[in-house]
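Colleague: no FASTA, just this:
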Ligand code: PAF
């Protein structure tokens, strides 16, 4: 695996790969890699001729009071995990390489913001977050060039924001969403799990349990999004170390909140939640397709997707 720190070198290497007819797979990360990231790298390895992973803790997507300086970092461990997963190129730019020409009040003069899908849930709790994500991902896509890019469904709203940006701006990138990887007790893998105390870590699987309770309500025929939100909130409330930030039920197609759950919506619903454990905020989600009212055997199958 080759480490690359400059935009110019990565561009030159990938342009040469594409000129040789090779397909590029790209996994953008902020490092502190876990099995979830590794699963994205393996997916890219299975489909692409050359796999590039970026590790860049992007200041733009952290608000002033958030954990930028404390964000966990371990480059040597990350490099060995990426190499083990078959990554060919590890892009590790500095902040100065990515944002070489700051302006008064910001690292860049240009910002990408995606209306609609960015605005509720994470967007309401973290108002500047998705513009920071969209801007750095747009920049990374511009550096990497035409590719297939892999994102985890754990950050489901982020995936929707990236998809919408790519479609709106006709970026030559095919976005691939990959299933959330979980610990044995259901906790979604996240770099932020490292912040949890042993007691908080023991309590954290309540997020997945709560989402499953919401999914069970949908599968039992619940049609009221408010009742599904209440089912999720009720489970979180039973855990004294957990504090619910939000629970939401959205259509997969556009992340809007339906006024009533529609069992004929083939793409189904996503249940999302953000829960605080002390100063650590974890997010998770679950996909669910409601059972059709008079379904035949072939159309009946309600599903839950991690
Ligand atoms: O999901 C992440 O790790 C980050 O938001 C991303 C997509 C790498 C952009 O910084």
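Modeller: The structure has been received and is ready for your questions. Source: prediction; values computed, not measured.
Colleague: drop to CA atoms for contacts and neighbour counts, all remaining ones
Modeller: OK.
Colleague: could you check the pLDDT of residue 299?
Modeller: We have a pLDDT of 45 for residue 299.
Colleague: and the one 4 residues further on, by the same measure?
Modeller: Reading off the confidence values, residue 303 has pLDDT 75.
Colleague: quick check: phi and psi at the residue in the chain that the ligand sits nearest to.
Modeller: Per Cα to the nearest ligand atom, residue 29 is where the chain lies closest to the ligand, at 3.7 Å. When quoted as degrees, to the nearest 10, the phi and psi of residue 29 stand at phi -140, psi 170.
Colleague: who does it form a beta bridge with?
Modeller: Here residue 29 sits in beta bridges with residue 55, going by DSSP bridges.
Colleague: was I right about it contacting residue 58?
Modeller: No. The criterion here is Cα atoms under 8 Å, and residue 29 misses it with residue 58 at 9.5 Å.
Colleague: all helices for the protein, in order.
Modeller: 7-19, 35-47, 75-84, 95-98, 122-125, 129-144, 156-168, 198-203, 206-219, 225-237, 297-300 (DSSP state H).
Colleague: residue 287 against residue 268, yeah?
Modeller: Yes. Using Cα under 8 Å, residue 287 is in contact with residue 268, at 7.2 Å.
Colleague: so the two - more neighbours on which side?
Modeller: residue 287 (24 against 21; other Cα atoms under 10 Å).
Colleague: wait, what's in contact with the more buried one?
Modeller: 215, 268, 269, 270, 271, 303, 304, 305, 306 (Cα atoms under 8 Å, 6 or more residues apart in numbering).
Colleague: hmm, which of those are the buried ones?
Modeller: By neighbour count, with 16 or more other Cα atoms under 10 Å, the contacts of residue 287 hold 215, 268, 269, 270, 271, 304, 306 as buried.
Colleague: flag the least confident of these.
Modeller: residue 306 (77).
Colleague: apart from its neighbours in sequence, what residue is nearest that one?
Modeller: With Cα to Cα, 6 or more residues apart in numbering as the criterion, residue 306 has its nearest non-adjacent residue at 5.1 Å, and that residue is residue 286.
Colleague: can you get me a residue count around the one you found?
Modeller: Other residues close to residue 286 by other Cα under 10 Å number 23.
Colleague: the closest residue to residue 132 other than its chain neighbours: what's it in contact with?
Modeller: Once flanking residues are discounted, residue 132 sits nearest to residue 61: 4.0 Å by Cα to Cα, 6+ apart. Counting by Cα under 8 Å, 6+ apart, residue 61 touches 128, 129, 130, 131, 132, 133.
Colleague: again, only using 7 Å
Modeller: Contacts for residue 61 were tallied using Cα atoms under 7 Å, 6 or more residues apart in numbering; they are 128, 129, 130, 132, 133.
Colleague: flag every buried residue along stretch 214-234.
Modeller: 214-219, 222-225, 228-233.
Colleague: outside of that stretch, which residues touch it?
Modeller: Residues contacting stretch 214-234 (Cα under 7 Å, 6+ apart): 210-211, 213, 244, 247-249, 260-261, 288, 290-291, 302.
Colleague: buried subset of the contacts of residue 61?
Modeller: Buried, going by 16+ other Cα under 10 Å: 128, 129, 130, 132, 133, out of the contacts of residue 61.
Colleague: dump the residue contacts of the first one.
Modeller: Okay, so that is residue 128. 61, 63.
Colleague: how far away is it from residue 102?
Modeller: 18 Å (Cα to Cα, to the nearest Å).
Colleague: how about the second one?
Modeller: Going from residue 129 to residue 102 by Cα to Cα gives 19 Å.
Colleague: then the third one?
Modeller: Here the criterion is Cα to Cα. By it, residue 130 lies 20 Å from residue 102.
Colleague: what's the answer for the fourth one, then?
Modeller: Residue 132 is 15 Å from residue 102, where distance means Cα to Cα.
Colleague: rewinding a little: just name the lowest-scoring one in the buried ones among the contacts of residue 61, pLDDT-wise.
Modeller: Among those, residue 128 has the weakest pLDDT, 94.
Colleague: for it, phi and psi?
Modeller: The phi/psi pair for residue 128 (degrees, to the nearest 10) is phi -100, psi 0.
Colleague: my read: the residue of the chain closest to the ligand touches residue 41, true?
Modeller: No. Judged on Cα atoms under 7 Å, residue 29 makes no contact with residue 41 at a distance of 10.4 Å.
Colleague: give the bridge partners for residue 251, please.
Modeller: residue 269.
Colleague: tell me who's in contact with it.
Modeller: Residue 251 touches 257, 258, 268, 269, 270, counting by Cα under 7 Å, 6+ apart.
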